[in-house]
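S.K.: 3D model of this:
(chains A and B, ligands or ions: 2)
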Amino acid sequence: MSGATLRHIRHVVATNPVTLAAVLLFAAILLAALLGARLAPLDPLQTDVARALRPPSAVNWFGTDHLGRDVFSRTLVATRLDLLIAVSAVSLSFVAGCAVGALTGYFGGLADRVVGRLVDVLMAFPLFVLAMAMVAALGNTVANIIYATAIINLPFYIRFARAEVNLRRAAGYVLSARLAGASDGRILARVLVPNIMPVMVVQMSLNMGWAILNAAGLSFIGMGVKPPTPEWGIMVAQGASHVTSGHWWVALFPGLALVVTVFAFNLLGDGLRDIVDPRRRT
Amino acid sequence: MTGEPFVEVHRLSRTFALPALRPPGGGRPVPRHLQAVDDVSFSLARGQALGLVGESGCGKTTLAHILARLADPTAGGLVFDGRDLAAVPAARFARDPARRRIQMVFQDATEALNPRDTVLEAIAGPIRLLVPGLRGREVAERAAATAARVNLPPELMTRFPHQLSGGQRARVGIARAIGVEPELLILDEPTSALDVSIQAVVLKLLDRLRRESALTYVFVSHDLNVVRMLCDRVMVMYLGRLIEEGPVEAVFRNPRHPYTAALIDAIPRLGARGAARERLAGEPRSPVNPSPTVCRLVGRCAHEQARCRAAMPPLGPEGAGHRHACFFPLGRDEEPC
Ligand SMILES: Nc1ncnc2c1ncn2[C@@H]1O[C@H](COP(=O)(O)OP(=O)(O)O)[C@@H](O)[C@H]1O
Ligand SMILES: [Mg+2]
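M.R.: Ligands and ions are numbered 1, 2, ... in the order given. Next comes the predicted model:
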């Protein structure tokens, strides 16, 4: 990363306070994901039935759950797993979707029509149900949750990359690259894909929030990560039954963590667009 | 002209298929094609500058793209320095040894520059891909030297296209083309997107570059004065057809085709010549499914006769330096210009 790029990022962040907030929020989430286990004040798996369902206090900031586990420590430690699932899944579908979408959008022809139909078929399914079915069939390991989330996101990326490349394949600068001796492969890799990156990255960031919700949703209905692993979806699911009895904190805090993370990724999407778009450079 | 022509174009055509249209009265859909370039033949000697003029939509850019081997003709031949290039599909021409020798400057430099490339990358890219055996540093040096040739200050090299003025972008476009030292340079209205004040500067630059490197130019323009200043020969196109071609002075002083005469008479200048002015009536015919047996100017021409509606006038006389495609050519030798 050159000095000019860093300066540009600083400039974008400095001129847009919302982006700054998103970046700070994102940094905090990242920190929690990396160091959560070490920062946690208590053992997230240690049960203590005598201290079950205690409200937030100086010792248990977010209170304790029905087994007496510390909700704050569990929420913090869960960050890594929730992020890991979403980031892995979205990265997989992003890379595969960009490649397939860019190729079909550029070359067109039969492959384009076949892929287009497949995408239509896939998108006609209720995607969440599809993910449920996949996890049910393959077994609910973290890897399978990642694959299932990746596959249900794939059609969006293929469609998006295809449309964006198709829009630009006859652009003046593509013709100009061909004139300069660039082959189809080089035009795709060096000209078209970098030019669709701004929109793709925004899409990815927006999609990341959705993927997090999706993975948590699978766990929420019992088709995802298994207890007692700390994971926001399970925590909300388990806490939900205690809300009616007035123990709101068990579900609220992991739910808030979800909301804040999804929110941060959505805000970040807009900031990223400014950072990766060279036309915004001054 | 002496010896082998440098560029020889033989009966080149380009049609674009359009969606078939159902006739208003019902019945079968009629297949439609747009005839962008129609049966164009000419040749060009090394070192010459050939102007290509005609109103917007007459097929200049389409022909320029075919000459630059960025598009394929639907029919016809193109021989470049003794080699038949029409046999190489445009899709594969990027890797052809002749790619370096034929370059083009696009109509709109803003569109033709990758928004993500700095000026240095934009100029170095073609050099890196088309000039074999250069190291990274040599490429950068050559790019810098090319930038200097088109008067781009070194401090612009790290800028992005959107940070440049129109004139600077045009220079980058020219530098991209000449950095690989081509022999044939096709310029598609290189100044049409520029302010008038900058146009003159860029035209002077292009004239200087041609004399410095003995380049052969195909210069597309709708500005006849520019063609007259810069070019040795001129071709006039109308609705895809070549209707007059010859040495610039001969064509300007003695246009034989009524359309050429009308173009010349439409140039604003001091002291209008009055009565002899050639005018065109109405609008151009449609370029879709044009009749092969009717002169394209029928309906607009003051000299039109039955014969013009019965056959397409061929470009002639064969082998002459000054050719025209009109059955009833004007002869205005006697008129002062
Ligand atoms: N890709 C295309 N598809 C269909 N028609 C085209 C295409 N490109 C150009 N044309 C048509 O071909 C004709 C010639 O266009 P062009 O070569 O751009 O003219 P000029 O450069 O002289 O203005 C126009 O009628 C234009 O609409
Ligand atoms: Mg044009």
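S.K.: any buried residues in stretch B:108-126, and which?
M.R.: Residues of stretch B:108-126 classed as buried: B:108-120, B:122-126 (neighbour count, 16 or more other CB atoms under 10 Å in any protein chain shown). Using the backbone N, CA and C atoms, a C-beta is placed for each residue, glycine as well.
S.K.: what do you get for stretch B:195-209?
M.R.: Buried-residue list, stretch B:195-209, by 16+ other CB under 10 Å: B:198-199, B:201-203, B:205-206, B:209.
S.K.: A:Val121: how many residues sit nearby?
M.R.: By the measure other CB atoms under 10 Å in any protein chain shown, the count of residues near A:Val121 is 10.
S.K.: meant to ask about B:Gln305
M.R.: Neighbour count of B:Gln305, defined by other CB under 10 Å: 12.
S.K.: check the one 4 residues further on too.
M.R.: Other residues within reach of B:Arg309, judged by other CB under 10 Å, total 13.
S.K.: that one contacts B:Cys295, correct?
M.R.: Yes: assessed by CB atoms under 8 Å, B:Arg309 is found in contact with B:Cys295 at 7.4 Å.
S.K.: what's the following helix or strand after the one helix or strand A:Thr149 maps to?
M.R.: Per DSSP states H and E: A:Thr149 is located in helix A:142-168. Going down the chain from helix A:142-168, the next helix or strand is helix A:172-179, by DSSP H and E.
S.K.: what packs against that next one?
M.R.: Secondary-structure packing of helix A:172-179 (3 or more CB pairs under 8 Å, 6 or more residues apart in numbering or on different chains; DSSP states H and E): helix B:109-112, helix B:166-178.
S.K.: is that helix anywhere near ligand 1?
M.R.: No: contact of helix A:172-179 with ligand 1 (CB under 6 Å from any ligand atom) is absent, the minimum separation being 11.6 Å.
S.K.: in the following helix or strand past that helix, what counts as buried?
M.R.: Using DSSP H and E, the next helix or strand after helix A:172-179 towards the C-terminus is helix A:184-186. For helix A:184-186, the neighbour count (16+ other CB under 10 Å) marks A:Arg186 as buried.
S.K.: please report how far B:Ala140 lies from A:Ala50.
M.R.: 73 Å (CB to CB, to the nearest Å).
S.K.: these two: which is more packed in?
M.R.: Legend: neighbour count by other CB under 10 Å for B:Ala140 and A:Ala50, higher for B:Ala140 (17 against 7).
S.K.: dump the residue contacts of that one.
M.R.: Contact partners of B:Ala140, counting by CB atoms under 8 Å, 6 or more residues apart in numbering or on different chains, are B:120, B:124.
S.K.: pLDDT at it, what is it?
M.R.: B:Ala140 is assigned a predicted lDDT (pLDDT) of 95.
S.K.: now do the SS call for B:Arg95.
M.R.: coil (DSSP: H, G, I helix; E, B strand; the rest coil).
S.K.: same deal with B:Leu34?
M.R.: strand.
S.K.: nearest to chain A: which residue in the stretch 201-337 of chain B?
M.R.: Per CB to the nearest CB, B:Val218 is where the stretch 201-337 of chain B lies closest to chain A, at 14.2 Å.
S.K.: can you tell if the host helix or strand of that residue touches ligand 1?
M.R.: Here B:Val218 is covered by strand B:216-220, with elements defined by DSSP H and E. No: residues of strand B:216-220 contacting ligand 1 under CB under 6 Å from any ligand atom: none, with a closest distance of 7.1 Å.
S.K.: quick revisit: got the buried residues for the helix holding A:Thr149?
M.R.: Buried residues in helix A:142-168 (16+ other CB under 10 Å): A:142, A:144-162, A:164-166, A:168.
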